[in-house]
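> no FASTA, just this:
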């Protein structure tokens, strides 16, 4: 069965500091991995994806994520956090061969304090 | 290019009534997905449709819930005889047809369903 774990319900960082939001996954076969951000009362916005190739992927708004196959992780990172980055972040996985269903983690609330 | 459009944004129904949620995918997208987000939880997959076809409905409750994506018009998620436990945010997403599994899904802003 496919699953995604986001071990932290909330991450607090000071503005200007680096941030990491953790994600580990379990899937048979090759994973397709995604990060989304959700602002209050809005839908999910796509940030970045890993399909194949370079383990470090860069996405929108200065975010990046590193795919680590041995640790089955796909942590989201940003070198310098902004207050406007405060939101709910979701990691999602899809099996490369499957029909399209995304499996989401529970979400991590990021709070960036001035 | 308009994004995924969902309506209504908010829907209030009494127990036993029917709820119809609509989703118009992004232009050029022929794959539609429905997800449900319960309070304090992540999104759970419900159903995946292409035009006139249900591809995967493994996340749909067996009773009262149905979905369609007709040749013309929006995709509809229909919930009959609603119960309090149906209160949630329902999100629609779409993706283009080419190598759909590699494409990110683009989400609408959701319909927040409240059952009185």
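Yes, it's here. Just so you know, these numbers come straight off a predicted model, no measurement behind them.

> which ones are touching residue 60?
In the absence of a named chain, chain A is used. Contact analysis of residue A:60 by CB atoms under 8 Å, 6 or more residues apart in numbering or on different chains lists A:45-48. Bear in mind the C-beta positions are built from the backbone N, C-alpha and C, glycine included.

> wait, chain B
Applying CB under 8 Å, 6+ apart, we find residue B:60 in contact with B:46-47, B:66-67.

> Quick check: residues of chain B near chain A?
B:4, B:6, B:31, B:33, B:35, B:41-45, B:48, B:55-56, B:58-59, B:91, B:93, B:95, B:100-102, B:104-110, B:112 (CB under 8 Å from any CB of the partner chain).

> filter these to the buried ones?
B:4, B:6, B:31, B:33, B:35, B:42-43, B:45, B:48, B:55-56, B:59, B:91, B:93, B:95, B:100, B:104-110, B:112 (16 or more other CB atoms under 10 Å in any protein chain shown).

> Take the residues you listed and keep only those in strands.
Secondary structure from DSSP state E places B:6, B:31, B:33, B:35, B:43, B:45, B:48, B:55-56, B:91, B:93, B:95, B:106-107, B:112 of those in strands.

> Save the contacts of residue B:60 as CSV, and put in neighbour count too.
Shown next, in CSV, are those (neighbours: other CB atoms under 10 Å in any protein chain shown):
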residue, neighbour count
B:46, 22
B:47, 23
B:66, 15
B:67, 22
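
> Which helix or which strand is home to the nearest residue to residue B:68 once chain neighbours are set aside?
Distances taken as CB to CB, 6 or more residues apart in numbering or on different chains put residue B:76 closest to residue B:68, at 5.4 Å, once the chain neighbours are dropped. In this structure, residue B:76 sits in strand B:75-79 according to DSSP states H and E.
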